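Colleague: Kindly generate the corresponding structure for this input.
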Amino acid sequence: MATEAYSESWRELIDLAGQERQSAASGPMSLASAGGSGGSGGSGGSGGAASRSDLEHSDGPWTTAAGVAEALRTSTTTAKSRLTSAHTGVTAATEGLASSGVLKSVLTSWEDRLSSVRDECGSLAPKLRQVGKDLGERDTKVKSSLREINTPSEPSEPKEK
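Modeller: Prediction:
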């Protein structure tokens, strides 16, 4: 099915899933500081320090995920409203039919599901933003504490006794 049939937020998720599949196919995931073929840390896998880009944090992915959660919350609210509107008058029109009760229970079931998704996405968005903020603050604290460590610019040779 072509992705044009989906809303913009769903197309973004589908595109991201495709990118993840492509990157997963390119090699296994590993710690950047572990060296070897998976990370850029160390020199030839000897366990050296990871590069700066391996250690930097960005709140971008967390903010993006929060935005997608909010968009999904909005689209779920819209879908529930449209579903409810589409069923207006159906009960009266199908009165006396055996399927009327079944149709009403299906509607109620979907309304409950959509409400659950909406509520979950609504609670998830601020949590995702907070993770990005917390990690950024943690990075700042670690960077600050590392600056306080006094290290000589040139390593000294051990003194002979």
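Colleague: Which secondary structure element is home to Thr91?
Modeller: Assigned by DSSP states H and E, Thr91 falls within helix 90-93.
Colleague: and if you look at Gly136?
Modeller: Residue-wise, Gly136 maps onto helix 99-147 under DSSP H and E.
Colleague: With His57 instead?
Modeller: Using DSSP H and E, no helix or strand contains His57.
Colleague: just checking, it touches Glu137?
Modeller: No - His57 lies out of contact with Glu137 (Cβ atoms under 8 Å); the separation is 10.1 Å. Quick note: C-beta positions are derived from backbone N, CA and C, even for glycine.
Colleague: Have a look at the two and say which one is more surrounded.
Modeller: His57 (14 against 10; other Cβ atoms under 10 Å).
Colleague: For the more buried one, which residues are in contact?
Modeller: His57 makes contacts with 135-136, 139, as judged by Cβ atoms under 8 Å, 6 or more residues apart in numbering.
Colleague: what's the least confident helix or strand in the protein, going by average pLDDT?
Modeller: Here the helix or strand of the chain ranked lowest by mean pLDDT, DSSP states H and E is helix 52-55, holding a mean of 58.
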